[in-house]
Structures are given as C-alpha cells and as structure tokens.
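Student: okay, here's the prediction I keep looking at, along with the sequence it came from:
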Number of protein chains: 2
Amino acid sequence: MSQFDIIHKDAAGRIGKLTTPHGVVETPTVMPVINPNIQTIKPSEMKDFGAEILITNSYIIYRKDELREKALKDGLHALLDYDGPIMTDSGSFQLSVYGEVEVTNQEIINFQQKIGTDIGVPLDIPTHPDVTYEKAKEDMDITIERLKEARGLVKEGGMLLAGPVQGATYKDLREDCARELSDVGFDVYPFGAVVPLMEAYRYSDLVDVIASAKKGLDPVAPVHLFGAGHPMMFALAVALGCDLFDSAAYALYAKDRRYITSRGTYHIDKLKYLPCSCPVCMAHTAEELKKAHNCTELLARHNLYVTFEEMREVKQAIWEGNLLELVEQRCRSHPRMLEALKQMTNYSSWLEECDPSSKSTFFYCGPESAKRPEVLRFTKQLERLTIKGSVLIRPYPTKKDKEYDNVMVFKAPFGSYPQDLAEVYPFNAEVVRTPDYESLETAFLNTIKLIELNPEATYTFLMRESFVHPLVEKLSKMDNVTVVPPKSE
Amino acid sequence: MSQFDIIHKDAAGRIGKLTTPHGVVETPTVMPVINPNIQTIKPSEMKDFGAEILITNSYIIYRKDELREKALKDGLHALLDYDGPIMTDSGSFQLSVYGEVEVTNQEIINFQQKIGTDIGVPLDIPTHPDVTYEKAKEDMDITIERLKEARGLVKEGGMLLAGPVQGATYKDLREDCARELSDVGFDVYPFGAVVPLMEAYRYSDLVDVIASAKKGLDPVAPVHLFGAGHPMMFALAVALGCDLFDSAAYALYAKDRRYITSRGTYHIDKLKYLPCSCPVCMAHTAEELKKAHNCTELLARHNLYVTFEEMREVKQAIWEGNLLELVEQRCRSHPRMLEALKQMTNYSSWLEECDPSSKSTFFYCGPESAKRPEVLRFTKQLERLTIKGSVLIRPYPTKKDKEYDNVMVFKAPFGSYPQDLAEVYPFNAEVVRTPDYESLETAFLNTIKLIELNPEATYTFLMRESFVHPLVEKLSKMDNVTVVPPKSE
C-alpha cells in the first residue's frame, strides 16, 4: 500500500504525508486540474500558488495522437513540463457524460503506467446519485471487477493505484464498496460521482456519502473527494476525513466570470470591491478586473490563490485543534451547508472515535456545537463518575459551596461535572451566557442521566433565569433533587 | 455640518461619502493610526493598502518641539508626507491613561486648526466602563461643556469637528449624550472609551453602547467607533451603523508578534501555515516570517492588508444586501462575539427601521436569524393580512391545495404567509429543512397571532415530523384549527 503517514489529527481530519514516485505530498491539499489541450495557467507555475500535486486526464492524452506520442516518448511529466507528482484520471468522467469511451480498463491502466503517472485511476463507473438501488449495485459490481483487474496489472512500488468508491447515495453500498476495496488494497481511495451532489447543493447527502465510505475504510487510508474543488466545503470535507481534492473549478468558474471565495462565489460583474488580498486583487480594482482583456486568466489565478489559502486555513485549524469551529463558521455560508453541518452531528459518535481527546479550547458556535464529539464523549463518560453525599450543582461559584460534600459545575452544552475539572479540557470551554435551547437540552439530559446513575446522592441545583427548557420540570420532579429558583441576576 | 452622503444601505450599515478639506472618503473605512515619532509603515505607503484617511495624535505633535514647529510651519500633511485626509486625536487617550495632560481643550483645538487637520477632536473625557453612574454623568457633562466650547472655536467650512459621545456603559447616558451633541451639531460622532470593552471581549456591552448612542443621533450622521481596529468586529459594528474605524492594532499587534485575521488573532510562533494571500504571506512561509529580521514590519503589513480586505468584504456585503449574513458568520469567531450577535437581535426593531425593505435572498444562518429585522417586519405586518374562509397552511405543496379557499405556506422562521408571496422577498429565503427550536418558536408564534387576528376563518395545518415545539400543542387546541399529523416523509 502507499506510504501515508498521519502526523496530526483533529476530528476525522488530519495532516498527512503521501509518498509518490515524484515526491512527498502534504495533505490535505487540492490538485489543480490541468487540461492537456488548453492551459489557462501553466503547470510549471502551479507551485507558486501552493500546489504540491497536479491532476490531468490520461484519456484525453490517449485519444489525441500528438499528445499520446509525446507522452509515450518523453513521459507525462515532460508533456506537462512539471516535475512534481501528477495524478491522472481514466476517462470515467467522459463515460459519465457521454455514456461510452473508446478505451478499455486494461488499456488505460497500462497507458497510465507507461507515461509515468504518479497516481493512476482505473476506468470505474461513476453512478449518478438518483439511480435505483439495483442500478447502483450493478454499476458498483462492475467497478469492483475493474478495480481488481487493475490491481492485478499494477505492481506495487511504482505507480500508486486509486480505488474509487462508488455506490451512489446508498450508504450501505458506499460502505460495502469501501470495505471490499480495502480488502483488495489500493493506495488512494477516491470517493466518486459526488459532483452532481455538489452541483445541486446536496451537501447533506455528501456528508452521508463521505461518512459511509469512510466507515468501510481503514482510518489511515488516504481519501480523495473526486471533483470537489470549491474552498467553501474544504473544512467540512476535511473534518470528515478527506485528504485530497481536485479543482477544475478555478478555471471553469473563471470562464464563467465567477470569482471564488471561501464564503461562496460571486459573479465578477456584481462585485464592487475585491474582498481578497491576493496578487491579482491587490493589482486591480473590481472595475479594472471586469474590463481586463485577460479577465479569465486573472480570475483563474485569483481562484487558485483563494483555494490554497483556504486549504492553509484548514491545515492551521487542524494543528490548532479547532477544525470543528472552522467548519461551523464555514457552514454558515449557505443554508444547504448548514444542513450538512447538522447532518454531520449525526456522525458524532464516529467522529468521537477519531478525535484527539485533548486539544484547543472548545468554542461554542451554535446549536450544532451541542452535538460535537467532545460533548458526546462526556455523555459516554458519565458512567465513570461516582457521586455520593450532598451535591451542589451550580452555574457559578457561590458562598455556599463549602456546605456541600461535592460541588459540580453546570455548563451548557456539557451538563454537570466535578468542579475540579473546571479548568480542564473540554470543560474550560468558552460558551455563551444565554444558552441556546439545543445546548440546554444536552446539558439537562446529561445532568438527569448523571443523577439517575447516582441515585443515593442528594442534589441541589441552582437555576438561572436564562435556563428556559422543559427538562427543568423533569429535573425538579426528581425525588433527590431540589431546584433553587434564580435570584434576579 | 459635514457633507456625508449615504449611497447604499443594509441593516444600519451604509456606504457613505464623507467630504473633508483634503478629499472625499468612502465609508465604512478604517484609519491607520500614525505615530508621529515611530513609523513602522510610512504614511505615503498607506494608500497602497487601501487607506483613504489617516489618524494621528495632535497632542504628541504639540508636546515635542521639533514636531510642533514643523507642523506649525509646513502643516500636518507635510509633516506626515501625506496629501489625503488626516484626522487628529487630542490627548484624550493620554488623559485616560495618565490621568492628566498638559494642554487645555482650547489650546489643542486651536493647534489642530493651525496645523491643518481635516477632522479635529476636542479634549473629551474617556470614561472607563465600570465607573459609577454619577461619575459617568459628571465626566459626560464636562465632555459636553468642552465640546460646546470647541464648537464655538471652530468655524464651519474648514476643519471638521468631531463630537465624541461618552457615557460609559450606561445606555441612557450614551443616548442622552448623543442627543445633546446632535443639537449642538458636529461633523463626525466618535463613540469614545470603548477600547476597555473590546480588550475584555465585552462585545455584548459594545453592542449596547453603539445602539444606544446611535439612537440619540440623526441616522445620517457619520459615526466613528474610536479605537476599534480588529477586522473580526467590523461587520458587526458596521451593521449597527458605524462608519469610521481606526487601527493602531496593525502595528501594536505586530510588535507583540501577533498575526491578525478576520476570524481572530494568532501568535506568529503558533502558525504552521499562513492562511492569507497578501503580498507578505505569498512571499514567505510561516517559518520564514517568524525568523525574518523585519518580522514586526512584515506582520504590520500583513495586518493592514487583512484589515482593509475585511472592510472590502463588508462593503461588498452592503452592496449585495447580505451584511447580516456576514455578521452571523463573523460572530462565530468567538463565543463572546456570538453573545454580541444575540444582543444585537434585541435591537431588531430599531434595525428594522433602518433596513432596506428588499434585498438579496435571506439566508438562514442559525437561531439568531429567527430574530432578524426581516422576520420582525413580517410579524409587524401580520395585522395587514385579512384572511377568510377555509385555509390550508402547509410546509410544502400538496394535491389538496385546490380544496381550500386560501393556501398559505409555512416556513420557519417566518411563519405562515399567502402562497402568492412565496417567490417574493423575504419569503424566497433559503432556510434549513430541520428548523432550530428558536426558528420554530418565531414561526409558530407568528402563525398563532395570524389566526387570532383572523378568527372567522378555519385552518388546516399540515405538520412535519421535524416541527418539534411545545407551541404545536397550543396551535392544535385552537377552536378553528385542525392539525394534520405528518405522514412519514
């Protein structure tokens, strides 16, 4: 298998080092898509933007005599005039668009090996999201067959071989496919056919696809979210465990006069100001950019700058241990992204298993923070707490602390925890004074669970006026609990 | 009064043009603070970063013979080698730090006029947030006296005169002060002594201070949030109606090796990656920047780039009509900022009066969106709706629509509105499929209010499984309402 070393983690995201024949790539990263026919920006310039690996299409090269002959004679790297790692696609995309391609799986795998690609892709079947289960399964079975064939053709030690995970939007198929490919053994696992989901803003479905496929893989396997290149969703996808991305978007969007930002996309004609400090945006006003004769190229350059800028932001967040905060911020760029964030909270139990147990201060960002892995971990650990005697549960220090055998702090969204842990991660969290409903929900549920687990103790709970939640009634009706109404604060 | 033309609005934010003796300034903008003694970055370079106006300190110039003489002889603009607008502070800051200054209000006002400043500031009293009401009132009265004196010394038509609004954190004092100064008439209204609030992350109190002072002013008066220069809070402060900011932060933070972003501040020694595409960050890796002999200067430059970048982002958002979405995103940078956002929703009624009635698509960003001015406006307008006969209220189109006299759409956070308005702003909002509790709260309250206002009609309400809220029970108990349980969706 490929050498992929994980050097730092946060949520299911990680900083990794992927070794390829042409050098080591630090992930997460995005591979600019190079069209072998038209190059808005030369491959040799790509390192200036921050690129560590490129991706191009071996099928386009294979089909065009001039390109094929040069690639076979001088190699792929000479053809593109680029000496770093290059991944090549196989024609699967063309298959998904035109319904057929004039090459076999075996031919395109052999061709990729001959031209010296660093990561080759078999001719898998990208299944459209909305097909029937039967069709998705049928396509997936063909994909798995072809991948096994490819695995037989590619010796380990040379070209890395990608094993694209298919299965449309059927979670069990994605997971099964990933598991089966894992057993065969590939170097990189692209998650395929997700572009239609992204085009339709179905980010919530994308979360399901990624999480399901990830569950079927070895956690340390490198994952490529094939076709994903908009920086708006990098934080989310990385937090779910994606390592490689590819961007044709930088050039395609530029052709449509669209200006990418980490918060979304602007049509350049609607921009009055350029909200960016990249070399393009510092050298032009919005008006100048609109009117520039090389506007498409300038936009492509800007788009690449911000794409890599966001990837650096994501990587820094992994190092700092606040990737999930970045995800919560970025997911407010569009309500469909917010739905994806909510969907991600359904996978918190899985994320909790990946997540480092101690990191930077937990920042509460909204209702979804109440379902973060750190909070869920505390819920799971409640059973380990043994509490006896008289217990004061209070949201703030009081003079009466000394009158009780135990003092616990109440802090939403966590619930109640021993005072000794107040300065310890994650209880040293920065939260809001007036908790959201969802945050109180988790906190009260955890508190009630804790009391039920320790029924011998007696509890005094100090209320606050801002703690408005129906569970307060349940709490106050418990036999061994006294709820003290709030003084006016 | 100053010529201040408002050319575009969103929430209480606006794009304005402020005319000064040395040219027109487009607001909102930030004034880089120039220390007359030490200049990390030369004033003449400031336009390259996007600066349209600078601010320096006339008291420092006044106190140092060499500077004073040159300023009196050649003028302030020659002293700084800058030909655009310059504002000068008066020594108030020194007064707040050292408790006294060696100049009178009259002397410093006359000095500012003589050296040709564009916007002069009287010697007001910056009152610390946590003083008693009596002390705050006493200071405020002195400030008002001095401002009146200054107003008598400065003829209209030359130097613009700033009238700093004081009053500590007492909302009534801030509003009274602003109203009294309004009656006297100043060209720019700085909101003073807010730095201690920002230093202590008391952004929620800052919202109170801004909103209170704004209420006492003519809405078209230009406002300067004195001492505010961190880009993280620009969107929030602009949305509340601030037009001018000043940044000493760019240089002070750099001196402490701190790297500013619109999401917060990093210590440079903790950065592994530079999440920015400005000229400094494109020319250096994080490691190179840390070790650079001129690290302080480079950081100051980066800090300035991102400061103006964020201001362009804010201005673009005003043009697009989605400033409040930007505020909701930025306020997730820190839980104290999130508290400020929640506090801002308490001023929605005031914001609603400022807010343009139609703008870009409303994007739901979280519980606070349920209290946005656009939602509140609909609540206020419910009384204008007259509904008769049989009414179907449903969250999605059904085949039974034809069986009713009226069809209304239910969409959280708005509530129920006539189907004809579905594609009209703000009801064409992009929202989440599973509404937050707070969003359902507003939607059900509005629906119940609508039904109570139109008691003669009969209502059929189609539920959804995700509509979990105690008000459902209240709705279902209304005499003229039939709640249809959800089919499994």
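Tutor: Yep, it's here.

Student: can you give me the strands in the stretch 101-250 of chain A?
Tutor: A:119-120, A:160-161, A:189-191, A:223-225, A:244-247 (DSSP state E, counting those that start in this stretch).

Student: would you put the C-alpha positions of stretch A:209-220 in CSV?
Tutor: The C-alpha trace of stretch A:209-220 is given here as CSV (Å, rounded to 0.1, in the frame of the first residue of the first chain):
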residue,chain,number,x,y,z
VAL,A,209,-21.6,9.6,1.3
ILE,A,210,-18.3,10.6,2.8
ALA,A,211,-19.1,9.2,6.3
SER,A,212,-20.4,5.9,4.9
ALA,A,213,-17.5,5.3,2.7
LYS,A,214,-15.0,6.3,5.4
LYS,A,215,-16.6,3.7,7.8
GLY,A,216,-15.7,1.0,5.3
LEU,A,217,-12.0,2.0,5.0
ASP,A,218,-9.1,1.7,7.2
PRO,A,219,-8.9,5.0,9.1
VAL,A,220,-5.3,5.6,7.9
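
Student: who are the contact partners of the nearest residue to A:Ala211 once chain neighbours are set aside?
Tutor: In space, and not counting its chain neighbours, A:Ala211 is closest to A:Tyr347: 4.7 Å by C-beta to C-beta, 6 or more residues apart in numbering or on different chains. (Each C-beta comes from the backbone N, C-alpha and C, glycine too.) Contact partners of A:Tyr347, counting by C-beta atoms under 8 Å, 6 or more residues apart in numbering or on different chains, are A:Val207, A:Ala211, A:Leu240.

Student: same check on A:Leu80?
Tutor: Taking C-beta under 8 Å, 6+ apart, we find A:Leu80 in contact with A:Ile34, A:Pro36, A:Pro43, A:Leu54, A:Thr56, A:Ile86.

Student: phi, psi for it please.
Tutor: phi -90, psi -10 (degrees, to the nearest 10).

Student: ditto for the one 3 residues further on
Tutor: Main-chain dihedrals, A:Asp83, degrees, to the nearest 10: phi -100, psi 0.

Student: do A:Pro85 as well
Tutor: According to degrees, to the nearest 10, A:Pro85 has phi -60, psi 140.

Student: where in chain A is pLDDT low?
Tutor: A:1-2, A:488-489 (pLDDT under 70).

Student: which residue of it lies farthest from its centroid?
Tutor: A:Glu403 (48.6 Å; C-alpha atoms, centre = their mean).

Student: what's the closest non-adjacent residue to A:Gly91?
Tutor: A:Tyr59 (3.2 Å).

Student: isn't that neighbour right up against A:Ile108?
Tutor: Yes: with contact defined as C-beta atoms under 8 Å, A:Tyr59 and A:Ile108 form a contacting pair (6.4 Å).

Student: can you list the domain ranges for chain A.
Tutor: A:3-354, A:367-484 (automatic domain parsing).

Student: out of those domains, which is the most enclosed?
Tutor: domain A:3-354 (a mean of 21; mean count of other C-beta atoms under 10 Å in any protein chain shown).

Student: wait, A:Ile268 touches A:Leu299, no?
Tutor: Yes: between A:Ile268 and A:Leu299 a contact is recorded at 6.4 Å, counting by C-beta under 8 Å.

Student: which residues are common contacts for the two?
Tutor: With C-beta under 8 Å, 6+ apart, A:Ile268 and A:Leu299 have common neighbours A:Arg257, A:Arg258, A:Tyr259, A:Leu289.

Student: which parts of the stretch 151-300 of chain A sit against chain B?
Tutor: With C-beta under 8 Å from any C-beta of the partner chain as the criterion, the stretch 151-300 of chain A meets chain B at residues A:263, A:266, A:270-279, A:282.

Student: for the residues you listed, work out which two are farthest apart.
Tutor: A:Lys270 and A:Pro279 (22.3 Å; C-beta to C-beta).

Student: so where do the helices sit in the stretch 1-150 of chain A?
Tutor: Using DSSP state H, counting those that start in this stretch, the helices of the stretch 1-150 of chain A run over A:46-49, A:58-63, A:65-74, A:76-80, A:92-98, A:105-115, A:133-153.

Student: can you tell me which of those helices comes nearest to B:Gly321?
Tutor: helix A:46-49 (32.2 Å).

Student: list the contacts of the closest one.
Tutor: By C-beta under 8 Å, 6+ apart, the list of residues contacting helix A:46-49 reads A:Pro32, A:Ile41, A:Leu54, A:Tyr82, A:Gly84, A:Arg301, A:Leu304, A:Tyr305, A:Thr307, A:Phe308.

Student: kindly recompute the last result at 7 Å.
Tutor: For helix A:46-49, contacts defined as C-beta atoms under 7 Å, 6 or more residues apart in numbering or on different chains pick out A:Pro32, A:Leu54, A:Leu304, A:Tyr305, A:Phe308.

Student: other residues contacting stretch A:240-257?
Tutor: Stretch A:240-257 has contacts (C-beta under 7 Å, 6+ apart) with A:12-13, A:16, A:27-33, A:40, A:55, A:188, A:207, A:210-211, A:214, A:222-230, A:234, A:260, A:265, A:267-269, A:295-296, A:299-300, A:303-304, A:307, A:344.

Student: ditto for stretch A:57-68
Tutor: By C-beta under 7 Å, 6+ apart, the residues outside stretch A:57-68 that reach it are A:36-37, A:71, A:79, A:88-91, A:94, A:101, A:103, A:108, A:111-112, A:117.

Student: switch the cut-off to 8 Å
Tutor: Taking C-beta under 8 Å, 6+ apart as the rule, stretch A:57-68 contacts A:35-37, A:71, A:76, A:79, A:88-91, A:93-94, A:101-103, A:107-108, A:111-112, A:115, A:117, A:120-121.

Student: the stretch 201-350 of chain A: helices as residue ranges?
Tutor: A:203-216, A:234-239, A:249-255, A:279-283, A:286-291, A:295-320, A:323-330, A:335-345, A:348-354.

Student: can you say which of those helices is nearest to B:Ser357?
Tutor: helix A:335-345 (21.7 Å).

Student: now the closest one against helix A:323-330, angle please.
Tutor: 150 degrees (axes from the mean of the first three to the mean of the last three C-alpha atoms, to 10 degrees).

Student: helix A:335-345 vs helix A:203-216, what angle?
Tutor: 30 degrees.

Student: tell me what helix A:335-345 is packed against?
Tutor: When contacts are defined as 3 or more C-beta pairs under 8 Å, 6 or more residues apart in numbering or on different chains; DSSP states H and E, helix A:335-345 packs onto helix A:203-216, helix A:234-239, helix A:323-330.
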